[in-house]
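>>> predicted model, plus sequence, below.
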Amino acid sequence: MLILICFFVFFLILGDLCAAKFVDDQWYRAKVERLSGTDVIVLYIDFGNRATIPRTKCGVLPASFSALPAFAKEYALAFMSLPPDVSFTYCERSELRLFDLFQNWRYESKSFLVKIFE
C-alpha cells in the first residue's frame, strides 16, 4: 500500500500579495508589510486598513485576483502636520473628525478638489 502525502509550503515574502483572513473570518487581498515571528502585518489593499494577524491566516492569492489593481489608495493632505508633542488619542480624534467632515460633504452633495503629488 502506497500512501502519498503532499505538503504545501507557502512562504510569505515582504511586499507580496496574499489572501488574508480578517476578523469577520472572510478572506481579502492583502500586501505583506512586515514579518515578525509567527505574526505578519498586512495591508488590506482594497480597504486600506492594516492588521497584525498570525501567519496561519495567510494563504496563496489566486492569479486572477493578483492582476486586479488595489481599490484603496493612500493619500495625505498637503501642508498639514501634527504638533510634535501630540498624543495618540488626539490623532484618533482628529482622524475621526476629518472622516466625519468628508462623510457629511458626500451626503450634502458638496465636493472638494484633491491634487495628487507622486
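Structure received. Being a predicted model, the structure only gives us computed values, none of them experimental.

>>> list the contacts of Glu33.
Leu14, Ile41, Val42, Leu43, Arg50 (C-beta atoms under 8 Å, 6 or more residues apart in numbering). All C-beta spots, glycine's among them, are computed from the backbone N, C-alpha and C.

>>> just the buried ones from these?
Val42, Leu43 (16 or more other C-beta atoms under 10 Å).

>>> return the subset of the contacts of Glu33 lying in helices.
Using DSSP state H, no member of the contacts of Glu33 falls in helices.

>>> could you work out the most separated pair of the contacts of Glu33?
Pairwise distances across the contacts of Glu33 (C-beta to C-beta) peak at 14.2 Å, for the pair Leu14 and Arg50.

>>> any stretches of the protein with poor pLDDT?
Applying pLDDT under 70 to the chain flags the ranges 1-10, 80-118.

>>> any chance you could map the strands in this structure?
17-21, 27-36, 39-44, 50-54, 58-59 (DSSP state E).

>>> in the longest one, what's buried?
This points to strand 27-36. Neighbour count says strand 27-36 has Tyr28, Arg29, Ala30, Lys31, Val32 buried, by 16+ other C-beta under 10 Å.

>>> show me which of those residues is closest to Phe65.
Once C-beta to C-beta is applied, the member of those that ends up nearest Phe65 is Arg29, at 5.9 Å.

>>> thanks a lot, see you next time.
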